[in-house]
Each structure stands twice: as structure tokens, then as C-alpha cells.
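*Asks:* For reference, the sequence and a predicted model appear below.
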Amino acid sequence: MRRLIIGFALVLIFAGNAQADVVVLKNDDQLTLDSYLWDGLDLYDTSQVSIIPGGYVSIGLNSYDSSTVNISGGLVRTLKAYGSSNVKMSSGSSDGYISVNGSSTGNISGGSVKYSFYVRDYGTLDLSGGVISSNLHAQNFSTVDISGGTIRKWLYAIDSSTVNMSGGSAVWLDVRDSSTLTLNVREFELVGLGLSMDGERLLGTGTINCEWVDATSSAMSVATNSGAGIFISIVMDGDANCDGVVDEKDAALLAANWQTLTGATWRQGDFNADGAVNDIDATLLAANWQSGEGTANVPEPTTLLMLVMGAAALLVFRRR
């Protein structure tokens, strides 16, 4: 494994008549960037770049193959992910746009994007925090899970894309072209006369007030509602992954975060929004065990608690 330091062992390629040299990482190269990089940066194979406070890519960053981009500070102009690459952003910013394409994945838990965020061509995005100052586009069979964060303008779901939203906020919703948007809420309110419900399907256009599973809320305007449509799912206590069923998957998520004392989220097993994952949450899960499957075989809370603690102990053992 080669670890690269800016200014010393970087591989520079001058491409044709381009006006700038592009830094290229290949194979299993690793780079930690904490200073200015005036030219572009391209990643291939299984290479990785970590952009930390002070790091700056002034032109553009492209990731290909199975490469990884970690942004925990600093700034990038634009970022494009292709192939099966992975983009993770917990802090820092982009003063352009970010695009996740093909089988690439994005995991955004913080930071800010000045313009739009694109998820295209079977790409996937998990948005749990941060700010997108313009629009989020889910396009062409892409999948987006939103549990937090702020979209300051439009949330688009087009070209047979799937969006699941259980937190966060957007100003306007535009769903069309056989795409689906599912709002996983605790409660909701339709404002005005433009919206109505047909079972779980939301009909028409207008404004909807949502109370999310983490006890936050947002008001969003439905501007376009066609194609496969918009659906509203009432999430029950214990359904950590918001799939409509309380089962072993939810118990496993709770177990993986067992005894988290602060900062826990719904998807980590905090069902009473107190920031912790403990026996209170296990009891809530037990009360709805197998709800949504048509039959219920509810275990005693003590029994379920023992199962959760056993699963948590197994996870610790495997990590060791």
C-alpha cells in the first residue's frame, strides 16, 4: 500500500492539451489531503482519498472503479463518482455539485453542497445530515434513503427512481416518470383542499406537514405527483428500518447499537427519541413484534431483551 503526501510522491499526468495536470491515484494508493491541490484529482481501482480540514481540490474530483472518497473537512469544487466507487461526507463542503452515478454509493451525514446533488443510473444515496443548498435529483432507477439533512429547494424523483424519506426536509416535491416517494412518518397533516388519500397513496398537489420518526417535523409542498406516486407509511415503534414490519432485522439494528447513551437515532433503535438505546426501546420493539406480517407472535419483553443482549454480545465478540 502506498501512502501519498502532497508535493512529494504524487503521480501527475498531463492529458493532451488540457490546461492543468491531474493527480491520479491507482491500485491501493492512499492520500490524505490537508492543503491546496490546484489541479484535478482522479481515483481508480481501490485507491482512497481523505479530505480533511485545510484540504482543497480546486478543479474537480472524479472517482472510478471501486475507489473511495472520504470528506471530513476542507472543500472540493465538484465531485463525480462512477463505477462502484463510494463517497462519504461527514463535514466540509462542495462549492459546486456532487454526482453519484452507475453503481456508486453516497453516504452524506454532514457538510454542505452549494448547488445540486445528483444520483443517476442505478446509483444509491443515504442522506442523514448536511445541507444541499439547491436540489436533490434521483434519476434513472436510482435509490435514495433520506433520514435527515436539509434540501433547500426541490427533491426530484424521476425516471423510475425510488426515494424513501423518514426525516430531513425539502421545500418542494416533484415525483414523476414511474418513480416512487414513500414518506415514513409518525403523523401527518394535509393542508388545504388539493391533497387527499387513497389508502396509503397521496393524491393531488398541495402542502403536507410530516412528523418524522425522530420527533422532528417539516412542511413540504407537493408540486408534481404523477407516475408511480407518493405514499405515506405510518411507522410503528420497533420498525427501525422503516420497512413496515417489526422483525429480526429491527432487533439486529437495536442490538448493534445496544447501550448507546447519547446521539442515537431511530434507525439505530432509539424508538422513544431520548438519544439512548436501552431496555425501554427493547420493550417498545417487543410490543409490536411481527406487526405488519399479518400474524403476531409477541415475545415477552424480558425474553426479547435477552435476545437483544445476546446479539449485542455476539457482535462484540465478532469485532474482537
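*Replies:* Perfect, I can see it now.
*Asks:* what does the average pLDDT come to for whatever helix or strand residue 210 lives in?
*Replies:* Residue 210 is part of strand 206-211 when elements are defined by DSSP states H and E. Rounded to a whole number, the mean pLDDT of strand 206-211 is 96.
*Asks:* Partner strands of that strand and their direction?
*Replies:* In the sheet, strand 206-211 lines up against strand 187-191 (antiparallel), strand 217-225 (antiparallel) (DSSP bridges).
*Asks:* Ok, which of these comes nearest residue 147?
*Replies:* Closest to residue 147 of these, according to Cβ to Cβ: strand 217-225, at 12.4 Å. For glycine as for every other residue, the C-beta is placed from the backbone atoms N, C-alpha and C.
*Asks:* List the buried residues for that closest one?
*Replies:* 217-218, 220-222, 224-225 (16 or more other Cβ atoms under 10 Å).
*Asks:* State the distance from the residue most central in space within the chain to residue 52.
*Replies:* The centre of the chain sits closest to residue 126, judged by Cα atoms, centre = their mean, with a distance of 1.4 Å. Separation of residue 126 from residue 52 (Cβ to Cβ, to the nearest Å): 22 Å.
*Asks:* go on, residue 67?
*Replies:* Here residue 67 is placed at a distance of 17 Å from residue 52 (Cβ to Cβ).
*Asks:* Looking at those two, which is more packed in?
*Replies:* Ranked by neighbour count (other Cβ atoms under 10 Å), residue 67 and residue 52 place residue 67 first, with 27 against 16.
*Asks:* Excluding covalently adjacent residues, which one is nearest to the more buried one?
*Replies:* The shortest distance from residue 67 to any non-neighbouring residue, by Cβ to Cβ, 6 or more residues apart in numbering, is to residue 43 (3.6 Å).
*Asks:* quick one: contacts for the one you found?
*Replies:* Shown in contact with residue 43 (Cβ atoms under 8 Å, 6 or more residues apart in numbering): 25, 49, 61-65, 67-69, 85.
*Asks:* and if you look at residue 116?
*Replies:* 97, 132, 134-137.
*Asks:* got it, and residue 275?
*Replies:* Contacts of residue 275 (Cβ under 8 Å, 6+ apart): 261-264.
*Asks:* likewise residue 135?
*Replies:* 116-117, 151, 153-156.
*Asks:* quick revisit: any chance of JSON lines for the strands paired with strand 206-211, columns distance to residue 160 and mean pLDDT?
*Replies:* Output for these, formatted as JSON lines (distance: least, Cβ to Cβ, whole Å; pLDDT from 0 to 100):
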{"stretch": "strand 187-191", "distance to residue 160": "25", "mean pLDDT": "94"}
{"stretch": "strand 217-225", "distance to residue 160": "15", "mean pLDDT": "96"}
